[in-house]
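Engineer: the sequence and its predicted three-dimensional model are supplied below.
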Amino acid sequence: MLAGLQAVMDPTEIVGIVNTGDDTDLHGLHISPDLDTITYTLSGVANPVTGWGITGDTFRALEALERFGAVTWFRLGDADLATHLYRTGRIRDGATLSEVTAEISRAFRLAMSLLPMSDDPVRTRLRLEDGREVAFQEYFVKMRHSVVVEHVRFAGAELAKPAPGVLATLESAEVIVVAPSNPVVSIGPILAVPGVASVLQARRDSVVAVSPIVAGAALKGPADRLLVELGGEASAVGVARFLRAWVGTLVIDDADDGLADEVRAAGLNCVVAPTVMRTPERAAALARVVLGVTVDLGRSHDASASPGA
């Protein structure tokens with residue numbers, strides 16, 4: 001979604017607020033998977049096959065770690081390790097995650113700004129059907145998200161503060177775009193940071209989300225199963241109900257055209273468009289749709305405003 005927006009507007013006018021609930025400490029390193037995947041994708045070095053890591057990366061360090069019986073189910077390539085080594089060293093020197101993220105973004109020549117949701121540690125924890133509680137990466141990578149989840153919590157969120165610039169960005173942005181990410185474990189941690197949800201609720205009419213569920217299924221990851229396991233519905237309507245407190249418009253895929261009225265009945269504006277971003281061209285086309293929604297909403301508001309408003 002960010003790549004599509006970057007293709008159709010000035011990227012220096014885009015700020016990406018990124019989930020850090022997936023962050024983990026491994027091999028003594030601070031790893032921020034979402035920040036890194038976005039950075040690699042926008043800079044053009046991401047591995048398009050795996051959806052994570054760097055194209056052409058090698059795994060010699062990981063292979064060497066196997067000799068010691070170290071954790072290797074979380075695959076870290078050699079070039080990828082360099083990012084984590086740099087981040088960890090800078091944080092140990094006293095830099096904040098926001099500061100290091102800006103430095104890494106500059107090194108990868110990103111034109112847009114990326115902000116972690118918080119500089120404070122927030123960690124997604126999932127309670128499984130068998131009663132165990134596991135960290136997100138253990139659930140997502142080691143278990144391949146193949147187990148039933150009963151509850152999700154965001155450890156540390158209640159004590160966290162939004163990273164510098166997060167609330168100001170949400171308050172001043174012309175439009176707030178919610179990418180078609182997992183609403184429970186990708187969007188949920190951001191909402192859990194104190195102050196974020198209230199700003200979004202106040203700006204609800206300016207928030208446009210793209211549904212991550214198409215024809216009853218997630219294109220990637222466990223969003224459909226998590227929605228059901230936590231008492232919701234794996235559909236565009238289920239997404240609408242999950243987000244309606246702070247999202248004003250939901251863009252749903254052509255395949256779900258028949259659900260548009262139910263989305264509207266849930267209290268959201270609904271736009272139907274191709275949402276599956278299989279190519280850069282399709283991502284750019286979806287970005288134009290999202291930005292067009294904002295223009296249309298602005299025109300409607302202007303038309304109903306009193307003269308001089």
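Structural biologist: Great, that's in hand. Keep in mind the model is a prediction, meaning the values are calculated, not measured. Residues are numbered from 1 along each chain as shown.

Engineer: so how far is stretch 286-295 off the chain centroid?
Structural biologist: 19 Å (CA atoms, centre = their mean, to the nearest Å).

Engineer: contacts for that stretch, please.
Structural biologist: Here stretch 286-295 makes contact (CB atoms under 8 Å, 6 or more residues apart in numbering) with 1, 4-5, 7-9, 174-175, 177, 206, 208, 210, 249, 251, 269, 271, 273-275, 277. Yep, even glycine has a C-beta here, placed from its N, CA and C like the rest.

Engineer: for the closest residue in space to D25 that isn't next to it in sequence, give the beta-bridge partners.
Structural biologist: Spatially, and ignoring its direct neighbours in sequence, D25 is nearest to I31 (7.2 Å; CB to CB, 6 or more residues apart in numbering). Per DSSP bridges, the residues bridged to I31 are T24.

Engineer: right, and I31 touches Y86 too?
Structural biologist: No - counting by CB atoms under 8 Å, I31 stays clear of Y86, with 11.8 Å between them.

Engineer: compare those two (neighbour count), which wins?
Structural biologist: Neighbour tally, I31 and Y86, criterion other CB atoms under 10 Å: the higher count belongs to I31, 21 against 15.

Engineer: and the strand or helix carrying S105, how far out from the chain middle?
Structural biologist: According to DSSP states H and E, S105 maps onto helix 97-107. Offset of helix 97-107 from its chain centre (CA atoms, centre = their mean): 18 Å.

Engineer: quick one: average pLDDT of that helix?
Structural biologist: On average, the pLDDT along helix 97-107 is 98.

Engineer: with stretch 58-66 instead?
Structural biologist: Summarised as a single mean, pLDDT over stretch 58-66 is 96.

Engineer: list the buried residues for that stretch?
Structural biologist: Buried residues in stretch 58-66, counted by 16 or more other CB atoms under 10 Å: 59, 62.

Engineer: in the protein, which spans are strands?
Structural biologist: 15-18, 24-26, 29-31, 113-116, 123-128, 133-135, 149-155, 176-178, 207-210, 213-214, 217-218, 249-252, 269-272 (DSSP state E).

Engineer: re earlier: filter the contacts of stretch 286-295 down to the buried ones, ChimeraX style.
Structural biologist: ChimeraX command restricting these to the buried ones, with burial defined by 16+ other CB under 10 Å:
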select :1,4,5,175,177,206,208,210,249,251,269,271,273,275,277
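
Engineer: nearest to G195, of the strands of the chain?
Structural biologist: G195 lies closest to strand 15-18 among these, at 12.3 Å (CB to CB).
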